[in-house]
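Undergrad: build me a model from this:
(4 chains)
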2 protein chains.
Amino acid sequence: MNRPTSADGAVREVRVREARVREPLDRRRILTAAIQLIDEDGLRRLTMRRLGAHLGVEAMALYHHVPGREDLLDGVVESVVDELYDDPEVYLEATDWQEYLQRLSHGLRRIALKHPKVFPLLATRPPAAPWLHPPLRSLRWTESFLTTLRACGFDDRAAVAAYRAFSSFLLGHLLLEVAGLDAQITPLDEPDETATPAGTDLSEYPVIDRLSGALAEDRSAEEFEDALEQLLDRLQLLSEDAAERDHHAGQGR
Amino acid sequence: MNRPTSADGAVREVRVREARVREPLDRRRILTAAIQLIDEDGLRRLTMRRLGAHLGVEAMALYHHVPGREDLLDGVVESVVDELYDDPEVYLEATDWQEYLQRLSHGLRRIALKHPKVFPLLATRPPAAPWLHPPLRSLRWTESFLTTLRACGFDDRAAVAAYRAFSSFLLGHLLLEVAGLDAQITPLDEPDETATPAGTDLSEYPVIDRLSGALAEDRSAEEFEDALEQLLDRLQLLSEDAAERDHHAGQGR
DNA sequence: ACCTGAACACCGTTCAAGT
DNA sequence: ACCTGAACACCGTTCAAGT
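TA: Have a look, this model is predicted:
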């Protein structure tokens, strides 16, 4: 009965193993858990206390790794945008700026559809700087965007205009699309009587009534493609304007 | 000392006058106060208790007129959209659908700029029905939109496509614009050293650094006009497609 | 009829204390 | 070094009680 060291060793080993199972709780692990909780239950239910419980820890432990809830949400936004870096489709070599923007757009759309309950956060959090537009809001991607377009015949003015047009395109289309996902869930259990969501009487709105089927139809994917094509056409014009400005500047010299 | 009836009358009169000063608290008065509080302090600080205090009443009194905070926010959204009805510019008779959409767009832009802290709510609250798209989200305006376009040569399909395109245009441009207003307020007091918001080192992002002035410049008004013109051109094409479909249908008969 | 007091369950956050 | 207990100020909401 005198193998105290051996017993101690066993206890310590169990502790170490436990520590490996619920790892030492850093910022990245907290952010990952936060994103998962929002995906599952929505932003409203993401609570410091619930998040702590989900990580097997008291809420107060989180404050050793994250300054507070607001900063946590900023971190969530940053993490989700950073998923673009792990998307191999986005990183394929592009032969022109059109292809570059197509890959970037589709990458961000995949993110929006993967995290529909997080996306409104990308859309509406106050930007850290006036030159970081939602929903991209990343210094690295903004730099990449501007550099690429500058290298493809856009002058400064055209590149900046393109950045704003691109941002508002993504914002409008993706937010409308994820809003549509939220709307599908009818608040009452009543399992669709002509999919009329509980208590809406359309008799005063004959045109909506007649078109409600067409309006509820989800053509998001095609509409996204169409609108993206049209955006690229508009940007093409911007770059041609830039070329013309360059031409005149050359003549003026 | 025996004019009890008279004294009673005086007391009652005072009560009535008080009641007129802080009126009897109905839903409309609560919503107006809520909008005012959001405009001034932001959504985060709109609290049932603060709202009650602002109206000279305990928080619990609000629950006699409003089912709860979520419903209150829905009411705020509805009220703000309803301000379109009080905008004389929107109600001027339009000679064609282009002018109708211009008035409607500018009306909604005025609302967004008047209530920049409320607008994200119009953009992101889950719609009540799948055919109500943000940011318009009003049965009456959606009906009006569809009716007008149907009367101007758009068939059902074109009108529905136009409604979605119009919604995502407004959503993208106006949300980007109000996000820009939020971004201007630098979190630190430091009164602009090249307007670099506190702690952002742009040395690794040379293109952003060079273009930061141009990026921060606010050309929202012109960009809104340009993008609106381009949207109207695209919708014109939709209506021409509709006319062609109609023509073929006539031939097929 | 309309509002209030008191209470409940739950927030975010601080800080001294534990191991 | 990392986490916890207890506490503080503040939420939304319910309900019996006041006038």
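Undergrad: tell me the residue of the stretch 101-250 of chain A that sits nearest chain B?
TA: Closest approach between the stretch 101-250 of chain A and chain B, counting by Cβ to the nearest Cβ: A:Gly172, at 2.7 Å. No exception for glycine: its C-beta is placed from N, CA and C like everyone else's.
Undergrad: tell me the contacts of that residue?
TA: By Cβ atoms under 8 Å, 6 or more residues apart in numbering or on different chains, A:Gly172 lies in contact with B:167-173, B:175.
Undergrad: and if we set it to 6 Å?
TA: B:168, B:171-172 (Cβ atoms under 6 Å, 6 or more residues apart in numbering or on different chains).
Undergrad: how near is it to B:Leu228?
TA: With distances taken as Cβ to Cβ, to the nearest Å, A:Gly172 is found 13 Å from B:Leu228.
Undergrad: swap in A:Asp41?
TA: 39 Å.
Undergrad: between those two, who's got more neighbours?
TA: More crowded of A:Asp41 and B:Leu228, by other Cβ atoms under 10 Å in any protein chain shown: B:Leu228, with 20 against 13.
Undergrad: name the nearest residue to that one, sequence neighbours excluded.
TA: In space, and not counting its chain neighbours, B:Leu228 is closest to B:Ser105: 5.6 Å by Cβ to Cβ, 6 or more residues apart in numbering or on different chains.
Undergrad: what about the helix or strand harbouring the one you found, distance to the chain center?
TA: In the assignment (DSSP states H and E), B:Ser105 maps to helix B:97-114. In terms of Cα atoms, centre = their mean, to the nearest Å, the centre of helix B:97-114 is found 11 Å from the chain centre.
Undergrad: next one: stretch A:127-147
TA: 13 Å.
Undergrad: kindly report the same for stretch A:174-187.
TA: With Cα atoms, centre = their mean, you get 15 Å for stretch A:174-187.
Undergrad: does chain B sit close to it?
TA: Yes - on the criterion Cβ under 6 Å from any Cβ of the partner chain, stretch A:174-187 is in touch with chain B at A:175-176, A:179, A:182-183.
Undergrad: for stretch A:139-146, same thing?
TA: Yes - counting by Cβ under 6 Å from any Cβ, chain B has neighbours in stretch A:139-146: A:139, A:142-143, A:146.
Undergrad: so which of the residues you listed is the closest to DNA strand D?
TA: A:Leu139 (28.0 Å; Cβ to the nearest atom of the strand).
Undergrad: how far away is the residue lying closest to that closest one once chain neighbours are set aside from A:Asp82?
TA: Closest residue to A:Leu139 apart from its sequence neighbours, by Cβ to Cβ, 6+ apart: B:Tyr205 at 5.3 Å. Distance of B:Tyr205 to A:Asp82, given as Cβ to Cβ: 16 Å.
Undergrad: comparing those two, which residue is more hemmed in?
TA: Using other Cβ under 10 Å as the criterion, B:Tyr205 and A:Asp82 rank with B:Tyr205 on top: 20 against 14.
Undergrad: ok, of the residues of stretch A:174-187 next to chain B, which come out buried?
TA: A:175-176, A:179, A:182-183 (16 or more other Cβ atoms under 10 Å in any protein chain shown).
Undergrad: in CSV, list those along with secondary structure and pLDDT.
TA: Formatted as CSV, those follow (DSSP: H, G, I helix; E, B strand; the rest coil; pLDDT from 0 to 100):
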residue, secondary structure, pLDDT
A:Leu175, helix, 98
A:Leu176, helix, 97
A:Ala179, helix, 96
A:Asp182, helix, 84
A:Ala183, helix, 80
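Undergrad: could you redo these as CSV and give each row distance to A:Asp155?
TA: CSV is the format used below for these (distance: Cβ to Cβ, whole Å):
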residue, distance to A:Asp155
A:Leu175, 30
A:Leu176, 32
A:Ala179, 36
A:Asp182, 41
A:Ala183, 42
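Undergrad: and of the residues you listed, the nearest to DNA strand D?
TA: Of all these, DNA strand D sits closest to A:Asp182, with 18.6 Å by Cβ to the nearest atom of the strand.
Undergrad: who are the contact partners of the closest one?
TA: So, once contact is read as Cβ under 6 Å, 6+ apart, A:Asp182 ends up touching B:Pro126.
Undergrad: from DNA strand C, how far off is it?
TA: Distance of A:Asp182 to DNA strand C, given as Cβ to the nearest atom of the strand, to the nearest Å: 21 Å.
Undergrad: tell me, how many residues neighbour the closest residue to A:Asp246 other than its chain neighbours?
TA: Counting by Cβ to Cβ, 6+ apart, A:Asp246 lies nearest to A:Asp155, which is 6.6 Å off, once chain neighbours are set aside. The tally of other residues near A:Asp155 (other Cβ under 10 Å) stands at 18.
Undergrad: hang on, A:Asp155 packs against A:Glu244?
TA: No - the criterion here is Cβ atoms under 6 Å, and A:Asp155 misses it with A:Glu244 at 10.2 Å.
Undergrad: now for these two: what residues contact both?
TA: By Cβ under 6 Å, 6+ apart, no residue touches both A:Asp155 and A:Glu244.
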